[in-house]
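Chemist: Below are the sequence and a predicted model; questions follow.
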Amino acid sequence: MSEKNRDGKRTARERLAVEREKQKAAERRRRTLIVAASVVCVLGLATVVGVLAANHGKDSGSSKAGPVVAPSGATGKDSLAIQVGKDSAKPTLTVWEDFRCPACQAFETAYRPTLHELTDSGQLKVQYHLVTLIDGNLGGTGSKRAANAAACAQDAGKFRDFHDVLYENQPKETDDAYASNAKLIELAGKVSGLDTPAFKKCVNSSAHDSWVMKSAAAFQAGGFTGTPTVLFDGKNIYADQTMTPAKLKQLVQAANKG
C-alpha cells in the first residue's frame, strides 16, 4: 500500500473519530437537560405548607389583593388555567409551574421546541397553572409578581411569548429579581407588542394577584408536592424517569390516532 493511501485512510479514520465524539457530546448534552428536568422544586410538607397557607390567607384577605380576576381566556376549573393550543386538540398536557423554579426552567429548555411544534400543529393543548412555591420556600414575591405579569400578558394575547422570555431570563432561585415590576416590564420589551400602557397598568396594579393566589391554593389542595408537575391527560408523566420530548411526541400522536 502506498504512503498516500495510508495517509488517506488515517485521515478518514480521524474524521470518523471526530464525528463520533461530536455525536457523543450532543447526546451527553441532551441527557443532561433531561436529567436536570427530572429534579423538581419540592414543597417541604412539614413547614412550607403552613407558610404558603398563611401567605395565601394574608393575600386573599387583604383589601389590596382585591377580587379574583382571571386573565382573558382562562379555562379549566375556576378558570385557573391558561391554555396554549387549540380547543380541538384531543390530548391535554397540564403543567403546574413556578417562574422562579429552576427545575421548571430545565423542563422548558428540554421540552419547549416539542411543545411549540405540537401546539402549533393542533395536536396538543397545554394548560398552564401558575403557582408560588419558591416564594413560600425562600421568601419574597417573585413567583407571584411574575405570575401576575404572565396573566397580564395573557390579557394581551402574548402569554406564550412572555412565558418563554421569563424562563430564558430566569434569575437564580435565591435571587428574587422577579419581585420587581420594573424588571418584568423591562422583559416585556422582548415581546413584540407587549410593552404597552395597558400591560404596565395591569402589572403595577397587581390586577391578577388574587387569581394567582387562588391557583397556588388549588396546587396545595391537589396534593402536589413539587414543580413542575406535568400531567398528560391526567397521568403524571413527569414522574416517569424515561420520559423524553420524543416519547411525549409519540404519546401525543398515539392519542390523536385513538
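Modeler: Received the coordinates, thanks. Keep in mind that what you see is a predicted model, and the values were worked out from it rather than measured.
Chemist: S205 and S121: what is the separation?
Modeler: 37 Å (Cβ to Cβ, to the nearest Å). The way it works is simple: take the backbone N, C-alpha and C, and place the C-beta from them, glycine included.
Chemist: Check C41 too.
Modeler: With Cβ to Cβ as the criterion, C41 and S121 are 30 Å apart.
Chemist: Neighbour count: the two, which is higher?
Modeler: C41 (23 against 13; other Cβ atoms under 10 Å).
Chemist: got the residue ranges for the helices in the stretch 101-250 of the chain?
Modeler: 102-120, 133-138, 142-155, 159-168, 181-188, 197-204, 209-221, 245-257 (DSSP state H, counting those that start in this stretch).
Chemist: which residues touch stretch 194-211?
Modeler: With Cβ atoms under 8 Å, 6 or more residues apart in numbering as the test, stretch 194-211 has contacts from 59-60, 64-71, 74, 80, 144, 147-149, 151-153, 155-156, 158, 161-162, 181, 184-185, 188-189.
Chemist: give me the low-pLDDT residue ranges for the stretch 1-150 of the chain?
Modeler: 1-39, 43-65 (pLDDT under 70).
Chemist: same thing but 90
Modeler: 1-66 (pLDDT under 90).
Chemist: Report the buried residues of stretch 108-120.
Modeler: Neighbour counts using 16 or more other Cβ atoms under 10 Å place 108, 110-112, 114-115, 118-119 of stretch 108-120 among the buried residues.
Chemist: Dump the host helix or strand of T94 to CSV, restricted to CA.
Modeler: Using DSSP states H and E, T94 sits in strand 92-97. In CSV, the C-alpha atoms belonging to strand 92-97 read as follows (Å, rounded to 0.1, in the frame of the first residue of the first chain):
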residue,chain,number,x,y,z
THR,A,92,-54.2,17.9,27.1
LEU,A,93,-50.9,18.5,28.9
THR,A,94,-51.4,20.1,32.3
VAL,A,95,-48.4,21.9,33.7
TRP,A,96,-48.1,23.3,37.3
GLU,A,97,-45.1,25.7,37.3
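Chemist: Mind listing what's buried along stretch 156-170?
Modeler: Buried, per 16+ other Cβ under 10 Å, within stretch 156-170: 156, 158-163, 165-167, 169-170.
Chemist: any idea how far K77 is from T242?
Modeler: For K77 relative to T242 (Cβ to Cβ), the value is 30 Å.
Chemist: N148 touches A216, doesn't it?
Modeler: No. Assessed by Cβ atoms under 8 Å, N148 is found out of contact with A216, at 11.7 Å.
Chemist: how about stretch 204-211: buried residues?
Modeler: 206-211.
Chemist: Could you do stretch 245-252 as well?
Modeler: Buried, per 16+ other Cβ under 10 Å, within stretch 245-252: 245, 248-249, 251-252.
Chemist: ok, those residues vs G226, which is closest?
Modeler: Closest to G226 out of the buried residues of stretch 245-252 is L248 (18.8 Å), distances taken as Cβ to Cβ.
Chemist: list the contacts for the nearest residue to the closest one once chain neighbours are set aside?
Modeler: Nearest in space to L248, with sequence neighbours left out and distances taken as Cβ to Cβ, 6 or more residues apart in numbering, is T114 at 6.3 Å. Counting by Cβ under 8 Å, 6+ apart, T114 touches 245-246, 248-249.
Chemist: still on that earlier bit, closest to H129 among the buried residues of stretch 245-252?
Modeler: Nearest to H129 among those: L248, at 18.3 Å, using Cβ to Cβ.
Chemist: so how far is P228 from the closest one?
Modeler: 13 Å.
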